[in-house]
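In: Model the following, please.
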Amino acid sequence: MTTQTLAQWNLDPSHSEAQFKVRHLVISTVTGKFKEFSATLHAASSTDFSGAQVAFSAVVSSIDTNSADRDGHLQSPEFFDAAQFPSIDFKSTSFEKISDNEYTVVGDLTMKGVTNTVALKAEFGGEMVDPWGNHKIGFEVTGVVKREEFGLTWSAVTEAGGIVVGSDVKLIFNVQFAPAQA
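Out: Below is the predicted model:
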């Protein structure tokens, strides 16, 4: 049996973002992001990522929802408990090609000490050499998780009976990678 060599790609953080969206009061959506995160991708080729391996980690204390009070609440034990669980981590278990530029990425997502298997859609945006000669590849990765399945169970109800925070959390990662330097 031949062992396939996988090339490592590192995240280009200045051209990447890690966002989430959740319903607020069931009438609107709040968007948040993580200012600090990292990712690596190991793949046999830069044209077909079947069988690739990806790892992602976000620093919980870097959460930004454009509201310092809300960010503090999200970092508290009522939500992510950043002091006890400083990161959100994902490690893929499969990376399967669905069509020319679409993949399903399945892996273990850990938030607040709880790990669940999740399936995400990864759309390959292509590859390019930037004006400085650097080779880059890009993906948009999306999915939905239920926050309660990760121990994020804080809830409140308005006077009228409306739910303050929705259950479904949409994940949107636009990421650009560059080959690891040897």
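In: And the strands in this structure?
Out: 7-11, 17-24, 28-34, 37-43, 53-59, 63-64, 87-97, 102-111, 114-129, 135-146, 165-179 (DSSP state E).
In: what about those strands, which gets the closest to residue 76?
Out: Ranking the strands of the chain by proximity to residue 76 (C-beta to C-beta) places strand 63-64 first, at 11.0 Å. For every residue, glycine as well, the C-beta is placed using N, CA and C.
In: Could you list the paired strands of that closest one along with their orientation?
Out: Neighbouring strands of strand 63-64 in its sheet, by DSSP bridges, are strand 28-34 (antiparallel).
In: now this protein, which segments are flagged as low pLDDT?
Out: For the chain, applying pLDDT under 70 flags the ranges 1-4, 24-28, 154, 156-164, 182.
In: Let me have the strands of the chain in a markdown table, extended by distance to residue 78 and mean neighbour count.
Out: Listed next are the strands of the chain as a markdown table, based on distance: least, C-beta to C-beta, whole Å; neighbours: other C-beta atoms under 10 Å:
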| stretch | distance to residue 78 | mean neighbour count |
| --- | --- | --- |
| strand 7-11 | 30 | 17 |
| strand 17-24 | 15 | 18 |
| strand 28-34 | 16 | 14 |
| strand 37-43 | 22 | 19 |
| strand 53-59 | 19 | 20 |
| strand 63-64 | 13 | 19 |
| strand 87-97 | 16 | 17 |
| strand 102-111 | 14 | 18 |
| strand 114-129 | 15 | 14 |
| strand 135-146 | 17 | 17 |
| strand 165-179 | 11 | 18 |
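In: can you redo the ones you listed as TSV with distance to residue 73?
Out: Listed next are these as TSV, based on distance: least, C-beta to C-beta, whole Å:
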stretch	distance to residue 73
strand 7-11	28
strand 17-24	13
strand 28-34	12
strand 37-43	20
strand 53-59	17
strand 63-64	10
strand 87-97	16
strand 102-111	16
strand 114-129	19
strand 135-146	19
strand 165-179	10
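In: And those strands: which comes nearest residue 152?
Out: strand 102-111 (6.9 Å).
In: how far out from the middle of the chain is the closest one?
Out: Distance of strand 102-111 from the chain centroid (C-alpha atoms, centre = their mean, to the nearest Å) equals 9 Å.
In: which secondary structure elements does that strand contact?
Out: Here strand 102-111 touches strand 87-97, strand 114-129, going by 3 or more C-beta pairs under 8 Å, 6 or more residues apart in numbering; DSSP states H and E.
In: Touching it from outside, list them.
Out: 49-50, 54, 80, 85, 88-98, 115-124, 141, 145, 150-152 (C-beta atoms under 8 Å, 6 or more residues apart in numbering).
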